[in-house]
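S.K.: just a sequence and a predicted model for now, questions to come.
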Amino acid sequence: MKLGTGATGVVFRGVQEGTKAVAIKVLNENLGSISALKRRFEREAKVLAKLRHPNIVDVLEFGVSPEGLTYIVMELLEGRNLEQFLDDAPIQPAYAIEVLREVLKGLAFAHQRQIVHRDLKPANVFLCGEREKTIKLLDFGLAKMLSDDDVCEESTLTRRGRIVGTPAYMAPEQIVGVGLDVRADVYAAGILLFELLADRRPFTSENRSELLRAHLLLPPPTLHEARAELDAAPALEALIARALAKAPEARYRDGAEFLEALEALPPDCAQLIRVKSDAPRSRATASSEVISAEERQRASASMSQSAPAPPLLTYSAHESSAESIHPSTPPLAATMPSVIVKTGPATGSIRTEKALPKQRADTTDRYKKAPVPKKRAISTPTLYLIAVMLFGIAVALWMLARPF
């Protein structure tokens with residue numbers, strides 16, 4: 001029985017050893033016919049089969065069938081993926097953070113073994129178990145298997161320069177084709193957390209080229225800008241800004257550091273303050289796609305044609321601020337002057353400190369107003385005397401004006 005279809009293959013329900021129900025993913029025929037890809041698939045599947053973790057789907061078997069179909073056998077999960085969950089209703093902030101916490105646990109385990117997911121998105125996050133509390137990552141490493149390193153000349157679909165991935169969650173370095181490591185997953189996890197909390201992705205263009213350029217050039221909005229009814233703590237805004245930094249070195253080093261920073265947040269770091277409007281969610285470009293080298297080059301070229309170009313970000317583990325995290329937009333401390341956001345020296349944990357607004361002495365002195373003297377009240381006897389004097393003057397003037 002067919003369970004689903006994706007860009008890389010078709011998933012069927014099957015039975016292993018006569019009794020155990022399993023999920024069998026068969027690689028698309030136009031991809032599975034490439035001999036170099038088959039070799040890479042088998043090599044990567046051996047690594048994935050060793051990823052035994054509660055938050056990663058178990059790989060049970062892999063190989064090539066007598067008919068030449070490349071397949072991978074995984075544990076069968078009962079439930080629904082996060083994409084389906086989000087289509088039904090917005091997710092509550094507390095549950096959103098809990099989901100990402102479980103996702104980061106799986107990523108941290110894989111990153112310790114230098115394995116990159118490369119296609120993290122809601123469709124690859126599965127909710128199962130009692131009350132959908134068990135979170136499993138799907139398709140771990142399949143995007144890497146379909147990259148262009150080993151299959152450059154055997155197929156026009158996967159020739160050198162083409163990549164498989166989901167543009168809505170792609171890190172800038174993945175788009176331009178430079179060295180890619182576990183920090184690309186950190187970026188995708190930041191997009192995922194933003195989407196869960198804001199009920200939309202930070203970049204939502206329906207044009208794929210425009211979407212790629214947005215990841216390369218545009219700063220993401222804050223959670224409050226994206227969803228006015230969400231009250232997000234400055235520490236949470238700073239955490240997402242760091243995860244979505246354009247330069248990999250400005251992000252968290254891996255899933256473990258991201259997880260540590262997330263767990264350091266206060267429990268009430270995100271709350272809904274009023275009911276959400278009925279505006280439809282954007283679901284554009286949420287599927288895995290093959291992106292050609294030409295399209296990647298056009299998106300990259302837009303970086304040099306745009307003025308001014310965004311500055312490259314640098315990050316030091318011992319010194320970080322909201323300004324260094326997000327230099328192309330006003331720092332959080334500037335928009336919220338009563339709060340300073342700081343990160344810990346090595347753990348990436350975030351804390352907040354109260355700060356008083358600063359005043360420039362020269363400006364204060366220059367525009368200081370002179371004291372206004374107090375007005376004295378006139379007593380009643382004085383008013384009576386003045387009235388008598390005025391009456392006397394009036395009588396005298398009248399007498400002088402009379403004709404003799």
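M.R.: Happy to help now that I have it.

S.K.: from here on, just use CA atoms for contacts and neighbour counts.
M.R.: Noted.

S.K.: what's the neighbour count on Q16?
M.R.: The burial count assigned to Q16 is 14, neighbours taken as other Cα atoms under 10 Å.

S.K.: which residue is the nearest non-sequential neighbour of it?
M.R.: With Cα to Cα, 6 or more residues apart in numbering as the measure, V22 is the residue that lies nearest to Q16, at 6.5 Å, once sequence neighbours are left out.

S.K.: does that neighbour touch M74 like I think?
M.R.: Yes: because the distance of 6.0 Å satisfies Cα atoms under 8 Å, V22 is recorded as touching M74.

S.K.: neighbour-wise, which of the two wins?
M.R.: M74 (23 against 18).

S.K.: the more buried one against L51, yeah?
M.R.: No: between M74 and L51 there is no contact, the gap being 11.9 Å when judged by Cα under 8 Å.

S.K.: mutual contacts of the two, please.
M.R.: Here M74 and L51 have D58, V59 as joint contacts, going by Cα atoms under 8 Å, 6 or more residues apart in numbering.

S.K.: packing partners for the helix or strand containing the residue nearest to Q16?
M.R.: When secondary structure is defined using DSSP states H and E, the element that contains V22 is strand 20-27. With contacts defined as 3 or more Cα pairs under 8 Å, 6 or more residues apart in numbering; DSSP states H and E, the secondary structure elements packing on strand 20-27 are strand 9-16, strand 70-75.

S.K.: of those strands, which approaches Q174 most closely?
M.R.: Smallest distance to Q174 across these (Cα to Cα): 21.8 Å, for strand 9-16.

S.K.: contacts only, for E83.
M.R.: Applying Cα under 8 Å, 6+ apart to E83 gives the contacts P122, A123, V125.

S.K.: who wins for neighbours among the residues you listed?
M.R.: Most crowded among the contacts of E83, counting by other Cα under 10 Å, is V125 at 24 neighbours.

S.K.: what about the longest helix in the protein?
M.R.: Using DSSP state H, we find that the single longest helix of the chain is helix 380-401.

S.K.: show the average pLDDT along that helix.
M.R.: The predicted model gives helix 380-401 an average pLDDT of 76.

S.K.: CA atoms only for stretch 185-198 - export them in PDB, please.
M.R.: Listed in PDB are the C-alpha atoms of stretch 185-198, where the atom choice follows Å, rounded to 0.1, in the frame of the first residue of the first chain:
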ATOM      1  CA  ASP A 185      20.600  22.400   9.600                       C
ATOM      2  CA  VAL A 186      20.800  25.100  12.300                       C
ATOM      3  CA  TYR A 187      19.500  27.600   9.800                       C
ATOM      4  CA  ALA A 188      16.600  25.300   8.700                       C
ATOM      5  CA  ALA A 189      15.800  24.600  12.400                       C
ATOM      6  CA  GLY A 190      15.600  28.400  12.900                       C
ATOM      7  CA  ILE A 191      13.200  28.700  10.000                       C
ATOM      8  CA  LEU A 192      11.100  25.800  11.400                       C
ATOM      9  CA  LEU A 193      10.900  27.500  14.900                       C
ATOM     10  CA  PHE A 194      10.000  30.800  13.300                       C
ATOM     11  CA  GLU A 195       7.200  29.100  11.300                       C
ATOM     12  CA  LEU A 196       5.800  27.200  14.300                       C
ATOM     13  CA  LEU A 197       5.600  30.400  16.400                       C
ATOM     14  CA  ALA A 198       4.600  33.000  13.800                       C
END
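
S.K.: still on that earlier bit, mean neighbour count, the helices and strands packed on strand 20-27: which tops it?
M.R.: Comparing the helices and strands packed on strand 20-27 by mean neighbour count (mean count of other Cα atoms under 10 Å), strand 70-75 ranks first with a mean of 22.

S.K.: what strands line up against that one, and which way round?
M.R.: Next to strand 70-75 in the sheet, as set by DSSP bridges, lie strand 20-27 (antiparallel), strand 59-64 (antiparallel).

S.K.: after that strand, which helix or strand is next?
M.R.: Downstream of strand 70-75, the first helix or strand assigned by DSSP H and E is strand 79-81.

S.K.: could you identify the helix or strand that succeeds that following strand?
M.R.: As the chain continues past strand 79-81, the following element, by DSSP H and E, is helix 82-88.

S.K.: what are the ranges of the strands in the chain?
M.R.: All strands of the chain, identified by DSSP state E, fall at 2-5, 9-16, 20-27, 59-64, 70-75, 79-81, 125-128, 134-137, 163-165, 230-232, 270-272, 289-291, 339-343, 350-354.

S.K.: contacts for the first one, please.
M.R.: So that's strand 2-5. Residues from elsewhere that reach strand 2-5, judged by Cα under 8 Å, 6+ apart: V10, V11, F12, R13.
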